[in-house]
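Engineer: got a sequence here, can you build the structure:
(chains A and B)
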Amino acid sequence: QKEVEQNSGPLSVPEGAIASLNCTYSDRGSQSFFWYRQYSGKSPELIMSIYSNGDKEDGRFTAQLNKASQYVSLLIRDSQPSDSATYLCAVKKASGNNRLAFGKGNQVVVIP
Amino acid sequence: EAQVTQNPRYLITVTGKKLTVTCSQNMNHEYMSWYRQDPGLGLRQIYYSMNVEVTDKGDVPEGYKVSRKEKRNFPLILESPSPNQTSLYFCASSPVNQPQHFGDGTRLSIL
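Structural biologist: Residues are numbered from 1 along each chain as shown, chains lettered A, B, ... in the order given. Predicted structure coming up:
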């Protein structure tokens, strides 16, 4: 079983719609979860971190965490063309040392 | 400006010619790490360092070396590069147990 899985293929959403991304993880002891945005040819940029069950909102972004079901999701409301990027889910390993396990990413394309 | 700086940004070289990719951060972060990113495989950790003189292997350390003699610098050394080390490399840093922030990346091609 992969440490972090992001299974959805490329996601195309109309401008103004909600983009929904999901991520599951295998280590039940993990406590810290992150979403990074990566534009083509650029470095990953942290956009959300979440540590407790429930929702965390920051502007148009909402991260949702369910530790019992071992999934974390990201909602992008009012999607803009500038949101077109690959979104990486990262989970801090329970083994410590600040190590992250990354999913392979989901590409989002916002269609004007 | 707080940043993680990698050099060079692009490098084309040949098999067996030793190379070093430098990484420097100006935020006094304890934690630094190197990743490689390959299509279909995502980001994988090569080495990491919790502080000066403390380094440890990540998930794919074979063929790489690192050192952490100063807090701000964490160079990645390829003693004898091979074509399978052609990749996009990222350095990241953070305070301990805080989210990591990435440098701009180094695109390395080994012929």
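Engineer: when you work out contacts or count neighbours from here on, use the C-alpha atoms and nothing else.
Structural biologist: Fine.
Engineer: wait, B:Ser93 touches B:Arg72, no?
Structural biologist: No - using Cα atoms under 8 Å, B:Ser93 is not in contact with B:Arg72; the gap is 9.4 Å.
Engineer: of the two, who's got more company?
Structural biologist: B:Ser93 (30 against 20; other Cα atoms under 10 Å in any protein chain shown).
Engineer: in the sheet, who's paired with the nearest residue to that one once chain neighbours are set aside?
Structural biologist: Leaving aside its sequence neighbours, B:Ser93 sits nearest to B:Met32 (Cα to Cα, 6 or more residues apart in numbering or on different chains; 4.2 Å). For B:Met32, the beta-bridge partners are B:Ser49, B:Ser93 (DSSP bridges).
Engineer: residues of chain B that sit close to chain A?
Structural biologist: Within chain B, the residues that sit near chain A (Cα under 8 Å from any Cα of the partner chain) are B:31, B:40-44, B:50, B:90, B:96-105.
Engineer: would you mind listing which of the residues you listed are buried?
Structural biologist: B:31, B:42-44, B:50, B:90, B:99-105 (16 or more other Cα atoms under 10 Å in any protein chain shown).
Engineer: just flag the most distant two among these.
Structural biologist: With Cα to Cα as the measure, no two of those lie farther apart than B:Gly42 and B:Met50, at 22.9 Å.
Engineer: closest residue of chain B to chain A?
Structural biologist: B:Gly42 (4.5 Å; Cα to the nearest Cα).
Engineer: ok, now how distant is the nearest residue to that residue once chain neighbours are set aside from A:Tyr36?
Structural biologist: Distance criterion Cα to Cα, 6+ apart; nearest residue to B:Gly42, sequence neighbours excluded, is A:Lys104 at 4.5 Å. Distance, A:Lys104 to A:Tyr36, using Cα to Cα, to the nearest Å: 11 Å.
Engineer: find residues that contact each of the two.
Structural biologist: Counting by Cα atoms under 8 Å, 6 or more residues apart in numbering or on different chains, the residues touching both A:Lys104 and A:Tyr36 are A:Leu88, A:Cys89.
Engineer: which one of these two is surrounded by more residues?
Structural biologist: When A:Lys104 is set against A:Tyr36 and neighbours are counted by other Cα under 10 Å, the residue ahead is A:Lys104, at 23 against 20.
Engineer: before we move on, back to that, helices - which of the buried ones among the residues of chain B next to chain A land there?
Structural biologist: The members of those all map outside helices under DSSP state H.
Engineer: residue contacts, B:Asp104?
Structural biologist: By Cα under 8 Å, 6+ apart, the residues touching B:Asp104 are A:Lys42, A:Ser43, B:Val4, B:Thr5, B:Gln6, B:Arg9, B:Phe90.
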